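J.: Task: produce atomic coordinates for the following.
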Amino acid sequence: MASSITMPAAAQGIPLIRDTEIENLLKDYASPIFRAAGLGTGRITVRIVQDENFNAFVLDGRNVFINTGTISQAETPNEVIGVLAHETGHITGGHMAALRSRIKQDQSRVLLAQILGIGLMVAGGVAGGDSANELGSAGQGIMYGGNQLFMRSLLAERRQQESAADQAGLSFLNATKQSGAGMLTTFERFRQQEYISDAQKTAFARSHPLSSERLARLRELAVTSPYFKNKDSPQLQLRHDLVRAKLAGYMERPQIVYNRYPASDNSLPARYARSIARYFQGGNGGLEGALAGLDGLSRERPNNPYFWETKGDLLMRSGKPREAIPQLRQALKLLPDASLIQVQLASALLMLDDKGAINEALSLLRQSITIDDNSGAYRQMANAYYKLGRQPQAEAMMAQAYFLNGDIKKAQTFAKRAQTKLKPGTPEWVKNDDIINYKPQT
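T.: Purely as a prediction, here's the structure:
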């Protein structure tokens, strides 16, 4: 499980994680919904926010953000699918564009202050923790100091948008013959929070205002659907449970994991979670115990690439790249187009400091960026070029990495260094030239 921040998210200060298993599961959840919404399957990306709170949101028409806490707390795939369907409704409804348009219509300081107040509160919900409370309090202070008549109008519009997103989401679920029960379960879970203070509400409840009328309408539409009683397939439920187990193993304290997945539970998800937790518990036999558990899972399910990938990841974390390479090769054999596994295998090869391994790593990384333009691949390409003594190419790759992470200043610094030594007109030169001349939108 790797951490990486894409440029749009970096601009908002949103911490994202990248993981092949989780991303593939979310893609399988979302793709039918996106197709039903007329969005195709390549236009929208589902991004994973590292936050334990239940939340999902959109900032534009190209990305849906979903917290790790949403996946962990959702007991069924259908609950997550319902959330994704709702957020897709916001995209097809153009709700974020409508909000931006409304801001532009009135440039008065009071109005802008009120919009800023809402933005701070929503951002606080995304951030979580103490920063969320500070941002939320600041947002409320700005709001209360502005024109309350306008605020009531804007909040009413938000509620209309939420209701419209519900109905659109349910239509997408019906079009894909899926139940609206998961969406209903999610919103009923948060209905009780309408009566407590904003400071105590979860991020999802704060950013998705829910009235009794809206919930009643949602319940009516969901229950009367011919697909309401449809259930997730056992195979999809298992994948969901494995991802929840993986998140627990990587992100929660080992003792919490052992309590949730006791030794008496011999299911695949429980063994998966305990194996990862064993590594993070450390001490004597931490890595060995983790690998033993994962080896047992691989013997039982040899065609599951993620068990092999996790073994490789834990070995890499332990500074054992040579031992990690066979595990990652097997994972990539089972999942040939997994760009993140390509990057991980390339990283292990680069640690060998062997010229043949470095060239193989470069080949893997070039393949990776044709599938997924991610900053981690560019950083490893820079590492490879440095090792080969190709300084301009290395600096060009670092420029790309910083640019994708939203650090324009550093990206332009590296691009300018590389530009003087790159051959004009080459792909590297052109990309660097684009970075040098890039001007952020205001």
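J.: Contact partners for residue 350?
T.: Shown in contact with residue 350 (Cβ atoms under 8 Å, 6 or more residues apart in numbering): 357, 358, 361, 380, 383, 384, 387. Backbone N, C-alpha and C define where each C-beta goes, glycine included.
J.: So which of these sit within helices?
T.: 357, 358, 361, 380, 383, 384, 387 (DSSP state H).
J.: ok, so of these, who is nearest residue 77?
T.: residue 380 (33.1 Å; Cβ to Cβ).
J.: That closest one reaches residue 358, doesn't it?
T.: No. In this structure, residue 380 is not within contact of residue 358 by Cβ atoms under 8 Å, at 10.4 Å.
J.: higher neighbour count, the two?
T.: Neighbours were counted for residue 380 and for residue 358 using other Cβ atoms under 10 Å; residue 380 has more, 24 against 20.
J.: What's the separation between the more buried one and residue 261?
T.: 34 Å (Cβ to Cβ, to the nearest Å).
J.: for residue 179, same thing?
T.: Distance from residue 179 to residue 261, counting by Cβ to Cβ: 27 Å.
J.: ok, those two, which is more surrounded?
T.: Legend: neighbour count by other Cβ under 10 Å for residue 179 and residue 261, higher for residue 179 (25 against 20).
J.: contacting residues around that one?
T.: Contacts of residue 179 by Cβ under 8 Å, 6+ apart are 78, 173, 222, 225, 227, 228, 229, 230, 231.
J.: Then residue 222?
T.: 170, 179, 180, 181, 183, 184, 228.
J.: what does residue 41 give?
T.: Counting by Cβ under 8 Å, 6+ apart, residue 41 has contacts 31, 34, 35.
J.: and it, that's in a helix?
T.: No. Using DSSP: H, G, I helix; E, B strand; the rest coil, the assignment for residue 41 is coil, not a helix.
J.: how much space between it and residue 220?
T.: 31 Å.
J.: Give me the below-cutoff pLDDT ranges for the stretch 1-150 of the chain.
T.: Within the stretch 1-150 of the chain, the segments meeting pLDDT under 70 span 1-13, 95-150.
J.: can we see that at 50?
T.: 3-8, 10-11, 106-110, 115, 118-146 (pLDDT under 50).
J.: Strands of that one, start to end?
T.: 2-3, 16-18, 45-49, 56-58, 63-67 (DSSP state E, counting those that start in this stretch).
J.: winner for burial among these?
T.: Compared across these, strand 63-67 shows the largest average neighbour count, a mean of 23 (mean count of other Cβ atoms under 10 Å).
J.: Just the CA atoms from that strand would do, formatted as CSV, please.
T.: Provided in CSV are the C-alpha atoms of strand 63-67 (Å, rounded to 0.1, in the frame of the first residue of the first chain):
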residue,chain,number,x,y,z
ASN,A,63,-12.9,12.8,-9.6
VAL,A,64,-14.9,11.1,-6.9
PHE,A,65,-13.1,11.0,-3.5
ILE,A,66,-13.9,8.3,-1.0
ASN,A,67,-12.4,8.0,2.5
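J.: and residue 403, what helix or strand is that in?
T.: helix 391-404 (DSSP states H and E).
J.: Could you pull out the buried residues of that helix?
T.: Neighbour-count burial for helix 391-404 flags 392-404 (criterion: 16 or more other Cβ atoms under 10 Å).
J.: From those residues, pick the one nearest residue 63.
T.: Of the buried residues of helix 391-404, the one sitting nearest to residue 63 (Cβ to Cβ) turns out to be residue 404, at 14.0 Å.
J.: what's the spacing between the closest one and residue 414?
T.: 12 Å.
J.: list the residues that contact both of the two?
T.: Joint contacts of residue 404 and residue 414 (Cβ under 8 Å, 6+ apart) do not exist.
J.: quick revisit: present the ones in helices among the contacts of residue 350 as JSON lines; the columns should include pLDDT and distance to residue 312.
T.: Formatted as JSON lines, the ones in helices among the contacts of residue 350 follow (pLDDT from 0 to 100; distance: Cβ to Cβ, whole Å):
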{"residue": "357", "pLDDT": "97", "distance to residue 312": "15"}
{"residue": "358", "pLDDT": "97", "distance to residue 312": "19"}
{"residue": "361", "pLDDT": "98", "distance to residue 312": "14"}
{"residue": "380", "pLDDT": "97", "distance to residue 312": "15"}
{"residue": "383", "pLDDT": "97", "distance to residue 312": "18"}
{"residue": "384", "pLDDT": "97", "distance to residue 312": "19"}
{"residue": "387", "pLDDT": "96", "distance to residue 312": "21"}
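J.: so can I have JSON lines of these showing distance to residue 311?
T.: Shown next, in JSON lines, are the ones in helices among the contacts of residue 350 (distance: Cβ to Cβ, whole Å):
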{"residue": "357", "distance to residue 311": "20"}
{"residue": "358", "distance to residue 311": "24"}
{"residue": "361", "distance to residue 311": "20"}
{"residue": "380", "distance to residue 311": "20"}
{"residue": "383", "distance to residue 311": "23"}
{"residue": "384", "distance to residue 311": "24"}
{"residue": "387", "distance to residue 311": "26"}
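J.: just curious, which of these is nearest to residue 278?
T.: residue 380 (28.4 Å).
J.: and that closest one, what is it in contact with?
T.: Contacts of residue 380 (Cβ under 8 Å, 6+ apart): 343, 346, 347, 350, 361, 365.
J.: Please pick the buried ones from those residues.
T.: 343, 346, 347, 350, 361, 365.
J.: Secondary structure element for the first one, which one?
T.: Using DSSP H and E, residue 343 sits within helix 339-350.
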